[in-house]
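Engineer: Provided below are the primary sequence and the corresponding predicted coordinates.
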Amino acid sequence: MFKVVIGIDCSNIRRGGGITHILNVLREYDYGHDEVTVIVWGSTSVIAKFEDRHWLVKRSNWYINYSFVTRFFWQTFLLASELRRSRGDILFVPGGTYLGAFKPFIAVFQNMLPFDRNEFLRFDFSALTLKFFILRFIQGRTFVRSNGLVVLSDYAQDVITSYIPKLSAPLRVIPHGISKGFRRYPNVSKLKRKYTPSDPCRIVYVSIIDMYKHQWNVAYASILLRRRGYFVDLSFIGPSYPPALAKLNRLLLSYPSEVSHITVIGEVEYNSLQKLIHDFDIFLFASSCENLPNILIEGMSSGIPIACTNKRPMTDILLDGGLYFDCMEPESIANTIEELILNPELRREMALKAFEVSCKYSWRECSTETFNFIRDVSNDFKGEAKC
C-alpha cells in the first residue's frame with residue numbers, strides 16, 4: 001500500500017500540453033488500496049479544470065493569479081512551507097521550473113525550445129528569446145537539483161543528458177497518452193474516395209501559429225498543389241503568436257487570388273477539436289522543435305493519413321506510419337501531400353499504420369507510470385533520510 005501526500009505545482013502551467021498532461025494523469029489515476037492525498041496548486045482558471053476526487057485538494061491564491069513575478073516568488077519562497085504545513089511528502093513539478101527548498105521533488109521536462117538554440121533564435125531579438133535563455137538556465141538548474149526527472153521521449157532524454165552530462169537524478173521516460181475522443185479506426189471508403197472541386201482533399205494543421213511551426217511554408221505548399229491542378233483545402237487550427245501570424249498573413253496577402261482555399265480557424269475548444277479533426281482527409285504536422293507533440297499522436301489515432309516533418313522526435317513517434325517532408329521547403333511539403341493524393345491505397349496503408357502505432361500511447365499507462373515513479377522517488381528519499 002502506498003501512503004503519501006503529494007504536492008503538485010501547476011502555478012506556471014497556463015494552457016496547452018502541460019494542462020492536458022496533468023489533467024489526464026490525475027483523471028486516470030487508479031486509487032486502489034493506496035492512501036494518497038494530492039494537493040494541486042494553480043491559477044483559478046486551471047484549478048477549475050480538475051475533476052473532483054475525494055483524494056484531491058485544489059488550491060489557488062493571490063500570488064499565483066496576480067503576475068509572473070508574484071507567482072515566481074510564491075513558488076520559490078512560500079510553496080515549500082505550505083506543503084510542509086500540509087504534511088507533504090513529495091513535490092511534483094510538471095512545469096519543469098522549481099528553485100524552492102522543498103525536497104524531494106520530481107520535475108518534468110516538457111518544453112524543448114529553451115534547449116534548442118537554433119529554434120528559439122527564430123524569434124530574433126525579442127522578449128521571448130530572452131525568456132528562453134532564462135528558462136534554459138532555470139530549468140537546467142531545476143533538473144540538476146531534482147530528485148527525479150520525467151522526460152516524455154527518448155529524444156528528450158538524449159537532449160537533456162547531452163546538456164547535463166552528469167545528471168544524477170533518476171530519469172524515467174513516460175510518454176503522454178491520447179484522449180479517447182480522438183480514437184477512430186480508419187474509414188477505408190473515405191480514404192479511397194476521389195477528390196473533386198466540390199469535395200476536395202481537406203488538409204488540417206493543428207498547432208499554435210508560431211515561428212518554429214512554419215505555417216507559411218505549409219500555406220505556400222498548398223498554393224503549389226493548386227497550381228498543379230489538385231483540389232485541396234487547407235485549415236490551420238490553433239492559437240497564434242502575433243509575429244508569426246503576421247508572417248503567415250504576409251504570405252497570404254502576397255497571393256490574394258490563390259489563397260481562397262486556406263482558412264485560419266483559430267483556437268478550438270479541446271473537446272470540439274476531438275470531433276472536428278475527423279472531418280479532414282490529411283493530418284499535417286510541420287513543427288521543427290518538439291518534445292513529444294500531443295497533437296501528433298492524437299492525429300495518429302484519428303484514422304487519417306499523416307504528412308509530417310522529418311525531424312526528431314517526430315520520426316521516432318510516427319515511425320513508418322506516415323510520409324515525411326522537409327518543413328523548411330514548401331516544394332517538399334507539396335510533393336509529400338501530392339503522393340498521398342495520388343495513391344488511395346497509400347492513404348489507407350498510412351492511416352492504418354499510424355493508428356496501430358498510436359495504440360501504445362495511453363493516459364492510463366502514463367498515470368500509472370507517473371505515480372509509480374513518485375512512489376519510488378519518495379521511498380528512496382525516506383530511505384536515505386533514515387540512513
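Structural biologist: Okay, I see it.

Engineer: The protein - how does it break down into domains?
Structural biologist: The chain breaks down by automatic domain parsing into domains covering 3-177+362-379, 180-358.

Engineer: what mean pLDDT does the longest one have?
Structural biologist: Over the span of domain 3-177+362-379, the pLDDT mean works out to 93.

Engineer: quick one: Ile19 from Gly42, how far?
Structural biologist: 9 Å (Cβ to Cβ, to the nearest Å). No exception for glycine: its C-beta is placed from N, CA and C like everyone else's.

Engineer: What lies in contact with the helix or strand containing Leu253?
Structural biologist: Leu253 belongs to helix 242-254 when assigned by DSSP states H and E. For helix 242-254, the external contacting residues (Cβ atoms under 8 Å, 6 or more residues apart in numbering) are 123, 126, 209-211, 213, 215-216, 219-220, 236, 259, 262, 264.

Engineer: Make CSV from those and add distance to Asn61 to it.
Structural biologist: CSV is the format used below for the contacts of helix 242-254 (distance: Cβ to Cβ, whole Å):
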residue, distance to Asn61
Phe123, 32
Ser126, 31
Ile209, 33
Asp210, 31
Met211, 34
Lys213, 34
Gln215, 38
Trp216, 42
Ala219, 43
Tyr220, 47
Phe236, 37
Val259, 47
Ile262, 44
Val264, 37
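
Engineer: now the stretch 251-387 of the chain, which segments are flagged as low pLDDT?
Structural biologist: Applying pLDDT under 70 to the stretch 251-387 of the chain flags residues 384-387.

Engineer: can you map out the helices along it?
Structural biologist: Under the criterion DSSP state H, counting those that start in this stretch, the stretch 251-387 of the chain carries helices at the ranges 270-276, 294-300, 314-318, 330-342, 344-358, 363-386.

Engineer: for the stretch 51-200 of the chain, same thing?
Structural biologist: Counting by DSSP H, counting those that start in this stretch, the stretch 51-200 of the chain has these helices, from start to end: 62-66, 68-73, 79-85, 117-120, 127-145, 154-163, 188-191.

Engineer: Could you list the buried residues of the helix holding Leu253?
Structural biologist: Neighbour-count burial for helix 242-254, counted by 16 or more other Cβ atoms under 10 Å, picks out Ala244, Leu245, Lys247, Leu248, Leu251, Leu252.

Engineer: ok, the third one to Asn118 distance?
Structural biologist: To tie it back to what came earlier, the one meant is Lys247. Using Cβ to Cβ, we find Lys247 at a distance of 18 Å from Asn118.

Engineer: now swap in Glu269 and tell me
Structural biologist: Applying Cβ to Cβ to Glu269 and Asn118 gives a distance of 33 Å.

Engineer: Kindly report the same for Ser302.
Structural biologist: Distance from Ser302 to Asn118, by Cβ to Cβ: 31 Å.

Engineer: which one of these two has more residues nearby?
Structural biologist: Ser302 (25 against 9; other Cβ atoms under 10 Å).

Engineer: Roughly how far does the more buried one sit from Leu273?
Structural biologist: Distance from Ser302 to Leu273, counting by Cβ to Cβ: 10 Å.
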